[in-house]
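Engineer: coords below, sequence missing:
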Ligand code: ADP
């Protein structure tokens, strides 16, 4: 039978894994839980000593005995309160650390996972599940498990002690009257059945509450969209004002808030019902308990203290049992979020399987070859590259041209192992690139992608991609990339420490698109890798400006290998090695002069179609 979509075995496995992770992230958690066991006993401290004092008084115990017992009662109670406060405080402190550590784990995973996952729909859904989990009461997943763990331990201890007292009461009641032990067993069973029946109702209400919470999740998603994806974006700000979208957006938000209030009211009603059932059952049971224990006392088998002790422990049982079931129900519902968390962490990193070191060559003689490579994106059947073969050596310039969507960027993604070929292989110095250590292989390339990103961090860190960097080298590459003027301006202020953008720092500087592009180029140059690649970072420029950037970059890379991607043929005409891609296939290969002469070729057609843009 499945509960909350899981078998009992799965529920146990996932939650135990969660507990193991909590113990790993917070090494002191098991110790605190052990210490907290003593706090669980504090519930009984009052019961024990009230029973003892009652017996002291009713049996006429000596004054010193009563004072001693009173002292123990008050002193012990105080000690337990202090211990509980300390345990609570420390548990809270550890909890926030665990919450952070669990999130850091996720971020580390996102930073290091195989790139191809970031583009996949499946991962997007998993990430969304994780974001939604944070909206479930107080944060679902590891957080919810952690905050319920201590109560679970306490309630379990209280239940076990209560069971011991129930057994003791049954044994003591044996001599009260004919068949009294059987009556006591029946009475205890009746109490348990009543508690369980009450809990079943509460359980049902908790499930309904869980469903209500689930229904609210899309609302959180939608409200998140309005607030962080729409209202806070500058680009939306323009549309809102120019198209007078305020009533439209506000209308949707109002409708959404009304819907959310509806769900909250429904949830509140469920909580009221849960409370009523819980306290109703508790009070009913207490009445019955006192009635039955009163009879036993009248028969002379229980003292006044015993009545208080057994009534107290049965009440604790009822109370703890309902909390216990409610925690287990919440944890069962929470399993979905724990699973989402672990599923995300479990995504395998296939790219990291290779171990071969990349040969460090002083002569930089690297040769790369695509051998009959075919590729389609995961989740799509359509081949983006088909029987793709090309070879190039260090020091060469390779231009890859073709229409938009012909597969040029995909070629670069495969070259840099952001994806692996579906068929065929890519060789570095004759060895399949999958066999190389992934990080070492990646360190051969610097790419300026069309959608390159700079970060809201200091300029120097953006260029070097590191916290500590060679300042002179950063300045040199910035100058080489044509940012000497900007650098001079920055030198009057914070220099390389100048933060880019104003997201986190009011002193940050906003840079133009062209400057950003040059910083991205400087970043590629700083890394001084054997292969430098430009994948249309200049798409927003006009063809002449793009040609200018490409040819200047060509001067900058010197003797290294450079790969140029463009759908504009003019940008790459200086390359002596041009491949033309069409629908994922290499259709032509040669120098600009050779290709331009082939009147039947695609290059000739594209060149003539685009020629109007090159004439000034
Ligand atoms: P180009 O760089 O020549 O403009 P791309 O290599 O970017 O072309 O894209 C080639 C084809 O692959 C296009 O049809 C594009 O829609 C498809 N494509 C690109 N990225 C993905 C992806 N992550 N998932 C599925 N298809 C993709």
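Structural biologist: That came in fine, so what should we check first? Nothing here was measured: the structure is a model prediction, and the numbers come from that model. Numbering: from 1, shown residues only.

Engineer: what's the helix or strand for residue 108?
Structural biologist: helix 63-112 (DSSP states H and E).

Engineer: That helix - contacts with which helices or strands?
Structural biologist: helix 8-25, helix 29-40, helix 42-58, helix 142-172, helix 304-345 (3 or more C-beta pairs under 8 Å, 6 or more residues apart in numbering; DSSP states H and E). The way it works is simple: take the backbone N, C-alpha and C, and place the C-beta from them, glycine included.

Engineer: Looking at these, spot the one closest to the ligand.
Structural biologist: Within these, the stretch nearest the ligand is helix 304-345; the backing value is 19.5 Å (C-beta to the nearest ligand atom).

Engineer: ok, residues contacting whichever helix or strand comes after that closest one?
Structural biologist: Next helix or strand after helix 304-345 toward the C-terminus (DSSP H and E): strand 367-375. For strand 367-375, the external contacting residues (C-beta atoms under 8 Å, 6 or more residues apart in numbering) are 383-394, 410-411, 414-415, 419, 421-430, 531, 584.

Engineer: show me which of these neighbour the ligand.
Structural biologist: Restricting these to those touching the ligand (C-beta under 6 Å from any ligand atom) yields 384, 410.

Engineer: Put the buried members of the contacts of strand 367-375 into a PyMOL selection.
Structural biologist: For the buried members of these, the matching PyMOL selection, counting by 16 or more other C-beta atoms under 10 Å, is:
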select buried, resi 383+384+385+386+388+390+392+394+410+411+414+415+419+421+422+424+425+426+428+531+584
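
Engineer: Narrow the contacts of strand 367-375 to those in helices?
Structural biologist: Judged by DSSP state H, the contacts of strand 367-375 include 410-411, 414-415 as members of helices.

Engineer: Name the nearest of the residues you listed relative to the ligand.
Structural biologist: Distances from the ligand to the ones in helices among the contacts of strand 367-375, taken as C-beta to the nearest ligand atom, are shortest for residue 410 (3.4 Å).

Engineer: OK, contacts around the closest one?
Structural biologist: Counting by C-beta under 8 Å, 6+ apart, residue 410 touches 375, 384-385, 419, 584.

Engineer: at 7 Å what do you get?
Structural biologist: Applying C-beta atoms under 7 Å, 6 or more residues apart in numbering to residue 410 gives the contacts 375, 384-385.

Engineer: mind putting those in JSON lines, pLDDT and distance to residue 208 included?
Structural biologist: Listed next are the contacts of residue 410 as JSON lines, based on pLDDT from 0 to 100; distance: C-beta to C-beta, whole Å:
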{"residue": "375", "pLDDT": "97", "distance to residue 208": "49"}
{"residue": "384", "pLDDT": "96", "distance to residue 208": "48"}
{"residue": "385", "pLDDT": "96", "distance to residue 208": "52"}
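
Engineer: can you tell me which of those lies nearest to the ligand?
Structural biologist: Nearest to the ligand among those: residue 384, at 4.1 Å, using C-beta to the nearest ligand atom.

Engineer: Residue 367: neighbour count?
Structural biologist: Using other C-beta atoms under 10 Å, residue 367 has 14 neighbouring residues.

Engineer: Name the residues linked to it by a beta bridge.
Structural biologist: Residue 367 has the following beta-bridge partners by DSSP bridges: residue 393.

Engineer: tell me the SS of residue 61?
Structural biologist: Under DSSP: H, G, I helix; E, B strand; the rest coil, residue 61 falls in the coil class.

Engineer: Go through the helices and strands packed on helix 63-112 and pick out the most buried.
Structural biologist: For those, the largest average neighbour count (mean count of other C-beta atoms under 10 Å) is found in helix 304-345, namely a mean of 21.
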